[in-house]
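Novice: model the following, please.
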Amino acid sequence: MSVPSLTRWLLWGTLLAVAPSACDDPLVVVRSDSFTVVLEKKLVVADGVDASLIEVSLPESTPKGTEVRFVATAGSLAGAPTGKPSTLTVVAGDRIARTSILSAGEVGPARVFVSAAGRTEEVSLDFAHALPTAVALSSSRAVAPADGSTQVSFLATLARDAGSVSPGQTATLVAETGSSGLDSLLTRASLSSASSVAFSVSSPDTATALFRVRIGEMLSNAVVVRFAPVPAGAPPMN
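Specialist: Here you go, the predicted model:
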């Protein structure tokens, strides 16, 4: 086996030895004649905290102090000035340049272009929704007249153990009741805020309903609201 082939074999063996198992998010490695790019993971939660390390290794023949330029089509590169696309230039001390990429709420695919020594390579990753780890639901009243117009307001307060919940997800207010007439109380809203989402419902039918909010697989606590019969001649309530 030639020396270059042996070197490539040893390098791959090293990467395989430190790479996560098949059930984990694998390393992404891009090689060229000019440099090697390693992306720590290709799936990042868009909570503003989770991040993927990007490391560029330049060959021994590269002069020390060579600049490496990173450009990300989405998310933010650590150390980069504010602006889109996120752009960062790093001086490769000891022929190594590192940064990391994260997202505070922006979801979807991202591409990172790496330029050095007159050549550009790219790696790709995805930013996933950051789901809440807790949802607390409250209502403006426990009893409301079943007049079809009086509104009951609900507020779901969202929390996450690390970082923040990414907006744009669908939150569903679910009414659990034995009355088929309350099927219309199931409503959906898009999260415009990372901290809360509001709903408002009314009912023309008398029933006691148990409400929860569902976001992804997360369910809130239950809130019970009773829609009571309206006495004859009673004025409408707001």
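
Novice: so V230, which of the three states?
Specialist: Using DSSP: H, G, I helix; E, B strand; the rest coil, the secondary structure recorded for V230 is coil.

Novice: that one - how many residues pack around it?
Specialist: Per other Cβ atoms under 10 Å, the neighbour tally for V230 reads 17. Yep, even glycine has a C-beta here, placed from its N, CA and C like the rest.

Novice: tell me the pLDDT at L6?
Specialist: Confidence per residue is given as pLDDT, and for L6 that number is 31.

Novice: ok, now S192?
Specialist: Reading off the confidence values, S192 has pLDDT 70.

Novice: need phi/psi at V112.
Specialist: Geometry field for V112 lists phi and psi as phi -120, psi 120, criterion degrees, to the nearest 10.

Novice: quick check: mean pLDDT across stretch 68-82?
Specialist: When the per-residue pLDDT values of stretch 68-82 are averaged, the result is 95.

Novice: pLDDT weak spots in this protein?
Specialist: Residues of the chain that meet the criterion pLDDT under 70 lie in 1-26, 177-186, 193-194, 233-238.

Novice: try 80
Specialist: Counting by pLDDT under 80, the chain contains low-confidence ranges at 1-28, 30, 32-33, 64, 176-194, 231-238.

Novice: residue boundaries of the helices in it?
Specialist: In the chain, helices defined by DSSP state H lie at 3-18, listed in chain order.

Novice: show me it divided up by domain.
Specialist: As assigned by automatic domain parsing, the chain contains the domains 26-128, 134-228.

Novice: distance between the shortest one and the chain's centre?
Specialist: Computed by Cα atoms, centre = their mean, to the nearest Å, the chain-centroid distance of domain 134-228 equals 23 Å.

Novice: endpoints of that domain, how far apart?
Specialist: For domain 134-228, the first-to-last residue distance is 31 Å (Cα to Cα, to the nearest Å).

Novice: ok, I101 - contacts?
Specialist: The contact partners of I101, by Cβ atoms under 8 Å, 6 or more residues apart in numbering, come to 44, 51-52, 54, 72, 75-78, 86, 110, 112, 125.

Novice: go again using 6 Å as the cut-off
Specialist: 52, 72, 75, 77 (Cβ atoms under 6 Å, 6 or more residues apart in numbering).

Novice: out of those, which sit inside strands?
Specialist: Using DSSP state E, the members of these that fall within strands are 52, 72, 77.

Novice: switch the contacts of I101 over to JSON lines; also include neighbour count.
Specialist: Supplementary listing: the contacts of I101 in JSON lines, determined by neighbours: other Cβ atoms under 10 Å:
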{"residue": "S52", "neighbour count": "22"}
{"residue": "A72", "neighbour count": "24"}
{"residue": "G75", "neighbour count": "24"}
{"residue": "L77", "neighbour count": "21"}
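
Novice: can you give me how far stretch 61-74 is from the chain middle?
Specialist: Using Cα atoms, centre = their mean, the offset of stretch 61-74 from its chain centre is 28 Å.
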